[in-house]
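**Q** return a 3D structure for these sequence lines:
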Amino acid sequence: MAVEQIYSAIVASPGLVHGPLFIDQVSHAVQEAEASPEDALERLTAAAETAKQQLESLVAESDEDAQEILEFQVELLGDPELIAPAREAISAGAAAATAWRKAVGGLIEDYESDDDDYFRARATDLKDLRDRVLRVLAGGDEEAPQAADGIYVAEDLAPSRFLEIDWGRFKGAALTGGSTAGHVAILARARGVPMLIGLEAPLAALGEGSDAVLDAEDGRLVVAPAPSHLDDYRARIARREATLAAERALLPEPAVTAAGERIQLMVNIDDPAVLDVIDPAHCDGIGLARTELQFYGLIERTGALPDEETQYRLYSRLAKWAGGRPVTIRTLDAGADKPIPGLTREGETNPFLGIRGLRLSLAQPEVFKVQLRALARAATEGELKVMFPMVTAPWEFDAACELFDDAVSELRIEGISAATPALGMMVEVPAAALGIAHFDADFFSIGSNDLIQYVTAVNREEKRLVQLFDPLDPGVLELIARVADHGRQENKEVSLCGDMASDPRCMPALLQAGLRSLSVAPAALGRAKAAIASWGASWDGEG
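**A** Coordinates of the predicted model:
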């Protein structure tokens with residue numbers, strides 16, 4: 001009988017599931033050389049073409065933003081320079097798999113050691129390409145694994161692999177790598193896929209098909225759980241499923257506290273494809289539309305930033321989906337962990353305190369102006385609101401507003417319909433929270449992720465400091481309450497759009513602080529409504 005093993009991990013997307021493990025591990029064993037260099041080159045060329053066709057098929061089946069992620073890999077496979085080092089190795093007698101692994105491995109090392117965060121992040125795409133071609137060479141299935149009711153386990157998971165997998169057949173995922181702020185974690189949270197990252201376990205020790213519990217509540221993977229523990233987990237899973245059913249039943253209902261107070265509950269949108277699976281009647285609008293993914297995807301495909309028309313189509317789509325409900329779009333929040341080649345600055349010693357967010361937009365007015373023009377055009381098509389990220393000083397906000405007014409004036413002179421929407425700001429810099437009374441914004445949205453990071457002086461991606469990255473830190477809550485109180489006094493909306501709003505543990509503290517407008521991950525809508533419904537305090541915090 002197998003002995004229970006418990007492996008620690010970090011929760012990237014919450015959940016609790018039980019099932020057999022599926023280990024998606026590409027074999028990197030050295031294969032024997034083919035009969036001749038000509039045969040080896042033919043095998044590698046065919047495998048690369050097959051891999052390219054797989055990706056192209058996936059592109060055709062995916063939404064626009066997923067396509068932008070995948071097409072970067074398609075272009076790489078079509079680049080002769082990618083396969084050139086492998087050709088040379090094959091000519092020297094190496095097997096096709098060995099030559100490919102070494103050639104792409106060298107490029108991966110170059111990307112991982114680059115000073116630019118963008119190129120380091122692209123190493124994941126290269127690993128995905130390496131493994132996809134190796135699978136074809138090894139005669140593996142061309143399709144992504146679709147084991148029924150299993151738990152997917154791998155070293156890492158590229159966005160293309162995530163989008164390929166039918167998550168209706170897998171219950172969840174555990175990765176030895178990954179990041180809570182990475183694209184895959186964002187996709188998992190948006191789609192409600194339970195996921196652990198940073199799994200402290202060698203894949204070879206887990207055992208294919210082993211019975212396991214993925215505990216993405218307490219952050220651990222339990223392999224071969226003891227019978228008594230498994231009974232406990234089954235009871236927890238049953239309670240969780242009952243809770244989820246109750247939360248789903250709340251989706252059509254408004255968010256209301258036990259005392260009958262209405263709370264505005266909106267959704268955060270990272271990937272516009274999520275709009276296809278959300279009923280707009282289940283929320284009060286879009287509280288945060290992040291525009292960075294559009295920029296990342298287009299520059300990966302074409303090397304160019306999205307033009308005015310491309311951006312306008314996206315913003316217009318959001319407004320039409322909302323059907324008259326408010327839509328708050330954040331201007332480009334690039335920099336720090338979200339670099340954009342050719343736009344963000346390379347080699348900053350501390351990019352989280354560097355030229356990012358609105359600072360970058362004001363430093364690149366020609367790029368900023370394109371986005372403002374697109375937003376001004378879309379503002380005529382719904383209740384659109386625009387907010388600026390990473391604001392520290394009032395003059396920054398005022399300068400951005402002036403540029404928006406200029407964009408509207410130019411469009412009207414050109415005979416193009418345009419409007420100036422409500423203009424607000426993200427409150428994520430402690431100085432802005434402390435001096436909130438000095439900002440003449442139409443509304444405020446608290447970005448809790450960065451606010452926590454700056455208040456606690458903790459890198460939110462540092463696994464060893466996870467206990468210090470505390471959303472309920474008294475200093476964080478004091479600043480949130482300060483901003484909420486200012487909004488009440490000035491009769492201006494204050495919302496919170498960071499991960500705190502999606503965490504039921506934080507809901508009582510947020511409502512106690514005076515917040516009455518929140519924006520959550522789409523998959524957290526029911527959970528947030530349930531947490532709100534269980535809170536019985538009145539506006540003044542009594543109860």
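**Q** what is the least confident helix or strand in the chain?
**A** helix 292-302 (a mean of 64; mean pLDDT, DSSP states H and E).
**Q** can you name every helix or strand that the helix or strand following it contacts?
**A** Using DSSP states H and E, the helix or strand that directly follows helix 292-302 along the chain is helix 308-322. Here helix 308-322 touches strand 286-290, helix 292-302, strand 327-330, helix 365-378, going by 3 or more Cβ pairs under 8 Å, 6 or more residues apart in numbering; DSSP states H and E. The C-beta positions use only the backbone N, C-alpha and C, and glycine is treated the same way.
**Q** for Ser228, which of the ones you listed is the nearest?
**A** strand 286-290 (43.8 Å; Cβ to Cβ).
**Q** list the neighbouring strands of the closest one plus their orientation.
**A** Using DSSP bridges, strand 286-290 pairs in its sheet with strand 262-269 (parallel), strand 327-330 (parallel).
**Q** just name the most buried of these.
**A** strand 327-330 (a mean of 26; mean count of other Cβ atoms under 10 Å).
**Q** output that strand as CSV, restricted to C-alpha atoms.
**A** In CSV, the C-alpha atoms belonging to strand 327-330 read as follows (Å, rounded to 0.1, in the frame of the first residue of the first chain):
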residue,chain,number,x,y,z
VAL,A,327,-17.2,49.8,-18.2
THR,A,328,-14.0,51.0,-16.6
ILE,A,329,-10.9,50.7,-18.9
ARG,A,330,-7.5,51.2,-17.5
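**Q** neighbouring contacts of that strand?
**A** 266, 285-291, 315, 318-319, 375, 378, 382-389, 424, 426, 445, 495, 497, 519 (Cβ atoms under 8 Å, 6 or more residues apart in numbering).
**Q** I'd like the next helix or strand past that strand.
**A** helix 358-363.
**Q** in the chain, which residue is most central in space?
**A** Ile186 (2.7 Å; Cα atoms, centre = their mean).
**Q** ok, back up a step: any chance of the strands paired with strand 286-290 in a markdown table with distance to Ala224 as columns?
**A** Below are these laid out as a markdown table (distance: least, Cβ to Cβ, whole Å):
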| stretch | distance to Ala224 |
| --- | --- |
| strand 262-269 | 38 |
| strand 327-330 | 46 |
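**Q** could you export those strands as TSV, including distance to Gly19 and mean pLDDT?
**A** Below are the strands paired with strand 286-290 laid out as TSV (distance: least, Cβ to Cβ, whole Å; pLDDT from 0 to 100):
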stretch	distance to Gly19	mean pLDDT
strand 262-269	29	96
strand 327-330	38	97
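**Q** which one of those lies nearest to Asp125?
**A** The nearest among these, by Cβ to Cβ, is strand 262-269 at 23.2 Å.
**Q** quick one: the closest one to helix 308-322, angle?
**A** Strand 262-269 and helix 308-322 are oriented at 140 degrees to each other (axes from the mean of the first three to the mean of the last three Cα atoms, to 10 degrees).
**Q** now strand 262-269 - C-alpha only, CSV.
**A** Output in CSV follows, covering the C-alpha atoms of strand 262-269 (Å, rounded to 0.1, in the frame of the first residue of the first chain):
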residue,chain,number,x,y,z
ARG,A,262,-26.9,46.8,-2.2
ILE,A,263,-23.2,46.4,-3.2
GLN,A,264,-22.1,47.1,-6.7
LEU,A,265,-20.2,44.0,-8.0
MET,A,266,-18.4,44.1,-11.3
VAL,A,267,-15.9,41.9,-13.1
ASN,A,268,-12.2,42.3,-14.0
ILE,A,269,-11.4,41.4,-17.6
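**Q** what are the contacting residues of that strand?
**A** Contacts of strand 262-269 (Cβ under 8 Å, 6+ apart): 254-257, 275, 278, 283-290, 318, 326, 328, 495, 497, 511, 516-522, 525, 528-529, 532.
**Q** also stretch 212-220?
**A** By Cβ under 8 Å, 6+ apart, stretch 212-220 touches 6-21, 151, 171-174, 194-196, 206, 221-225, 230, 233.
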